[in-house]
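In: Attaching a predicted model along with its sequence, questions to come.
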There are 2 protein chains.
Amino acid sequence: MNYCSYCASTVSLVIPEGDNLPRYVCDECGFIHYQNPKIVAGCIPMWNDKILLCRRAIEPRYGKWTLPAGFMENGETVAQAAARETVEEARARVVDLQLYGLFNIPHVNQVYIMFRGDLETPDFSAGPESLDVRLMTEHEIPWDELAFPVVRRTLTLFLEDRRRGSFGNHMFDIAPMKK
Amino acid sequence: MNYCSYCASTVSLVIPEGDNLPRYVCDECGFIHYQNPKIVAGCIPMWNDKILLCRRAIEPRYGKWTLPAGFMENGETVAQAAARETVEEARARVVDLQLYGLFNIPHVNQVYIMFRGDLETPDFSAGPESLDVRLMTEHEIPWDELAFPVVRRTLTLFLEDRRRGSFGNHMFDIAPMKK
């Protein structure tokens, strides 16, 4: 951030009075431009014993497999965001969304909020951000070709819970990916 | 938003190619300035059968009672944010934070994420944003003097769960306050 989005003056990174963290503050109008983490809302879409996975058509991690997920928009609920992302990426409708996991990724200022949901019908197809979309059994999941650690963690927890027959709510912190 | 925070040129509210929502896009450099919901992280601090409440020393809702809560910062986890807010507003340390509720407030683009936590010791005092901080039994809670609907909803759910002896995870949408 270089300029104030309200008055176009320069900003400086300073600690405002009464605060304890540096913020971008406008040198002219004094507006404080806070920067906060973003929510990524996602879904485990289920159809009988299968899970819907998407192969990414965009960077980062082009060609890798992921669960439908994306940045939450203003004016929607987290569950609405997860359902919308499932429509956009997999052209699939999920119903009866249940909160499943909260995953902190503090090194990229993101919080993933993941739901479990049932496909309304077994209809799906690749949206513009996906190369391919498939319903997979546990043994078909391409563990070495998953896009992100949070996807691996979510799927691992889900499969463990399903074997146990009990779905809890999970909260984990995700460390940076190894280069 | 009037100006690009990267190059200080004017911005226009347009739907970028491949998108389906209007965004602030720089007329010169083309940078897309996304705006997303913010997370408010909060806590139900417990000491035996009592709950720690804070009386607000700031607007909005100056003088009303609330649970410690505030905007999550970059670089922290949601639980760290809830614990930090409890220190800042009530000078109290909470331990063993358990995820308790997720409350969507889409009309103000906020998601409250609330935890239950035990006070490490019964030590607390008013931070700069609080007029007063008190440990209250269920019957001492000033229901008509609570700051926000999300605080009322969180306390109501918590007390119901405690009577039942079982704390679930809750997810609710909060409608606008009546004028």
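Out: Cool, got the structure. Numbering: from 1, shown residues only, chains lettered A, B, ... in the order given.

In: Show me what counts as buried in whichever helix in chain A runs longest.
Out: When secondary structure is assigned using DSSP state H, the longest helix within chain A turns out to be helix A:149-164. By neighbour count, with 16 or more other CB atoms under 10 Å in any protein chain shown as the criterion, the buried positions of helix A:149-164 are A:149-151, A:153-155, A:157-158. From N, CA and C alone the C-beta is placed, and that goes for glycine too.

In: which parts of chain A sit against chain B?
Out: Where proximity means CB under 8 Å from any CB of the partner chain, the interface of chain A facing chain B comprises A:1-8, A:11, A:18, A:21, A:33-39, A:71-79, A:99, A:102, A:104, A:106-107, A:109, A:111, A:113, A:128, A:169, A:171, A:173.

In: Just the buried ones from these?
Out: Among those, those scoring as buried are A:3-5, A:8, A:11, A:36-39, A:72-73, A:76-79, A:99, A:102, A:104, A:106, A:109, A:111, A:113, A:169, A:171 (criterion: 16+ other CB under 10 Å).

In: ok, back up a step: which helices and strands does the longest helix of chain A pack with?
Out: strand A:38-47, strand A:94-105, strand A:110-119 (3 or more CB pairs under 8 Å, 6 or more residues apart in numbering or on different chains; DSSP states H and E).

In: Give the partner strands of the helix or strand following that helix in its sheet and their orientations.
Out: Scanning the chain past helix A:149-164 towards its C-terminal end, the next helix or strand to appear is strand A:170-173 (assignment: DSSP states H and E). Under the criterion DSSP bridges, strand A:170-173 sits next to strand A:94-105 (parallel) in its sheet.

In: which outside residues touch the strand it pairs with?
Out: Defining contact as CB atoms under 8 Å, 6 or more residues apart in numbering or on different chains, one finds that strand A:94-105 is touched by A:43-45, A:79, A:82-83, A:86, A:111-120, A:150, A:153-154, A:157-158, A:167, A:169-174, B:77-79, B:99, B:102, B:113, B:169, B:171.

In: At the geometric centre of chain A, which residue sits there?
Out: With distances taken as CA atoms, centre = their mean, the residue of chain A nearest its centroid is A:Val40 (3.1 Å).

In: the bottom helix or strand of chain A by mean pLDDT?
Out: None of the helices or strands of chain A scores lower by mean pLDDT, DSSP states H and E than strand A:170-173, at a mean of 94.

In: Touching that one from outside, list them.
Out: Residues lying outside strand A:170-173 but in contact with it, judged by CB under 8 Å, 6+ apart, are A:100-106, A:153, A:157, B:77-79, B:99.

In: same thing but at 10 Å, please
Out: Contact partners of strand A:170-173, identified using CB atoms under 10 Å, 6 or more residues apart in numbering or on different chains, comprise A:99-107, A:112, A:114, A:149-150, A:153-154, A:157-158, A:160-161, B:77-80, B:97-99, B:113, B:115, B:169.

In: Just the CA coordinates for stretch A:93-111, please, in CSV.
Out: What follows is stretch A:93-111, C-alpha atoms only, in CSV (Å, rounded to 0.1, in the frame of the first residue of the first chain):
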residue,chain,number,x,y,z
ARG,A,93,-25.3,-27.9,-5.7
VAL,A,94,-24.6,-28.9,-2.1
VAL,A,95,-27.3,-29.0,0.6
ASP,A,96,-27.5,-29.4,4.4
LEU,A,97,-24.0,-27.8,5.0
GLN,A,98,-22.5,-28.7,8.4
LEU,A,99,-19.6,-26.8,9.9
TYR,A,100,-16.7,-29.1,9.8
GLY,A,101,-13.3,-27.4,10.3
LEU,A,102,-11.5,-24.2,11.0
PHE,A,103,-8.0,-24.0,9.8
ASN,A,104,-5.7,-21.1,10.6
ILE,A,105,-3.0,-20.3,8.0
PRO,A,106,-1.5,-17.3,9.7
HIS,A,107,1.6,-17.0,7.4
VAL,A,108,-0.7,-16.1,4.5
ASN,A,109,-3.4,-14.3,6.7
GLN,A,110,-6.1,-16.8,5.8
VAL,A,111,-8.7,-18.7,7.8
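
In: before we move on, back to that, could the buried residues of helix A:149-164 be laid out in JSON lines, adding pLDDT?
Out: Putting the buried residues of helix A:149-164 into JSON lines (pLDDT from 0 to 100) gives the following:
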{"residue": "A:Pro149", "pLDDT": "95"}
{"residue": "A:Val150", "pLDDT": "95"}
{"residue": "A:Val151", "pLDDT": "97"}
{"residue": "A:Arg153", "pLDDT": "96"}
{"residue": "A:Thr154", "pLDDT": "97"}
{"residue": "A:Leu155", "pLDDT": "98"}
{"residue": "A:Leu157", "pLDDT": "96"}
{"residue": "A:Phe158", "pLDDT": "97"}
